[in-house]
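Participant: Just to be clear, the model below is a prediction. Sequence and coordinates:
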Amino acid sequence: ISTSGLVHIYRSQGHDVAALSGIGITVRPGEFVGLLGPSGAGKSTLLQLCGGLLTPSAGRLQIGEHNLTTMTEPELDRMRARDVGIVLQGAGRNLIPYLSPVDNVRYAQRAASRDRSLPAPEDVLDLVGLTDHARTPLPSLTPGQIQLCAVAVGIATFPGLLLADEPTSQLDHRARDEVLAAISTINTSTGMTVLLVTHDPDVAAVLPRTVTIRDGRIASEGRSGEEFAVV
Ligand code: ADP
Ligand code: ADP
């Protein structure tokens, strides 16, 4: 991910809301970066821009080989389906409740692309630690296991980039640590780049690098739990 002067303005009931007012960050391939900041800072907006779900109002945004400022809708569709995985807060909003974990992963792979080799669904579940529950009906899984399944579906095509928006915020501490460990394993064992939004200081403390945004601007950056103001 490489951005400079990234601006996003929402038009809301006739007036403009500047959600991002000039963001410049670089995330190298294989990095695991936490995005912190108060509610309303612009974190979700930045994530949605990186996922091609919103179009920048101004500035530069590059995701891998894609320049998102100049991409057409069909190109964005392709990028969304192949190159970016998304996991959201709340267990399992991207899941089909009447399919087992392994069938959810299969379904996500089928919906995504046919023009390159995909990992075996069992290997995807193995990566998040759900091998023993590959065929357990979703309603019988714990909230933590359902969120692990949501992560598996997010990475079903092994995209180069995983975007996670508060993926642990509605979980108890044990489930939170399991989901975080699964995302860490994905990052270290496949080299997938991860951008993860969190407001949980315990989560932020274990991330290798953090970026804090406030009022649509970068306020501070840090490594291994220590933050430094950006002037
Ligand atoms: P979070 O703080 O977890 O990012 P929010 O509660 O701010 O989530 O936003 C939830 C949803 O409401 C998002 O889809 C966001 O785009 C939308 N939203 C947030 N603020 C506004 C607003 N002022 N007008 C319209 N939609 C909004
Ligand atoms: P965060 O994820 O850090 O809570 P957001 O990116 O959701 O922040 O929101 C940043 C700002 O943009 C907030 O002021 C929010 O109210 C506003 N906003 C978010 N989504 C919308 C929307 N769909 N329409 C209008 N304003 C929005």
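Facilitator: That came through fine. Ligands and ions are numbered 1, 2, ... in the order given.

Participant: contacts, neighbours, all on C-alpha from now
Facilitator: OK.

Participant: From the rest of the structure, what touches the top strand by length along the chain?
Facilitator: When the chain is parsed with DSSP state E, its longest strand is strand 2-12. Contacts to strand 2-12, defined as C-alpha atoms under 8 Å, 6 or more residues apart in numbering, come from residues 16-27, 45, 55-63.

Participant: Restricted to buried residues, select those residues in PyMOL.
Facilitator: Per 16 or more other C-alpha atoms under 10 Å, the buried members of these correspond to this PyMOL selection:
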select buried, resi 18+19+20+21+22+23+24+27+45+55+56+58+59+60+61+62+63
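
Participant: Contact residues of the protein facing ligand 1?
Facilitator: Proximity of the chain to ligand 1 (C-alpha under 6 Å from any ligand atom) is limited to residues 39-40, 44.

Participant: List the buried residues of the helix or strand containing residue 81.
Facilitator: Residue 81 is located in helix 73-82, with elements delineated by DSSP states H and E. Neighbour-count burial for helix 73-82, counted by 16+ other C-alpha under 10 Å, picks out 76, 79-82.

Participant: want to throw those residues into CSV with pLDDT and distance to ligand 2?
Facilitator: Compiled in CSV, the buried residues of helix 73-82 are given as follows (pLDDT from 0 to 100; distance: C-alpha to the nearest ligand atom, whole Å):
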residue, pLDDT, distance to ligand 2
76, 90, 19
79, 89, 21
80, 88, 19
81, 83, 22
82, 84, 24
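
Participant: any idea how far the most centrally placed residue in the chain is from residue 146?
Facilitator: By C-alpha atoms, centre = their mean, the chain has its centre lying nearest to residue 163, at 1.2 Å. Distance, residue 163 to residue 146, by C-alpha to C-alpha, to the nearest Å: 18 Å.

Participant: helices or strands up against the longest helix that the chain contains?
Facilitator: Longest helix of the chain, by residue count under DSSP state H: helix 173-190. Where contact means 3 or more C-alpha pairs under 8 Å, 6 or more residues apart in numbering; DSSP states H and E, helix 173-190 is packed against helix 121-127, helix 143-154.

Participant: hmm, who's touching it?
Facilitator: In contact with helix 173-190 (C-alpha under 8 Å, 6+ apart) are residues 30-32, 127-129, 143-145, 147-148, 151, 167-169, 192-194, 203.

Participant: What residues sit buried inside that helix?
Facilitator: 175-180, 182-187.

Participant: Show the average pLDDT along that helix.
Facilitator: Averaged across helix 173-190, the pLDDT comes to 96.

Participant: what distance separates that helix from the middle of the whole chain?
Facilitator: Averaging C-alpha positions (C-alpha atoms, centre = their mean, to the nearest Å) puts helix 173-190 13 Å from its chain's average.

Participant: What's the first helix or strand after that helix?
Facilitator: Of the helices and strands lying after helix 173-190 in sequence (DSSP H and E), the nearest is strand 193-197.
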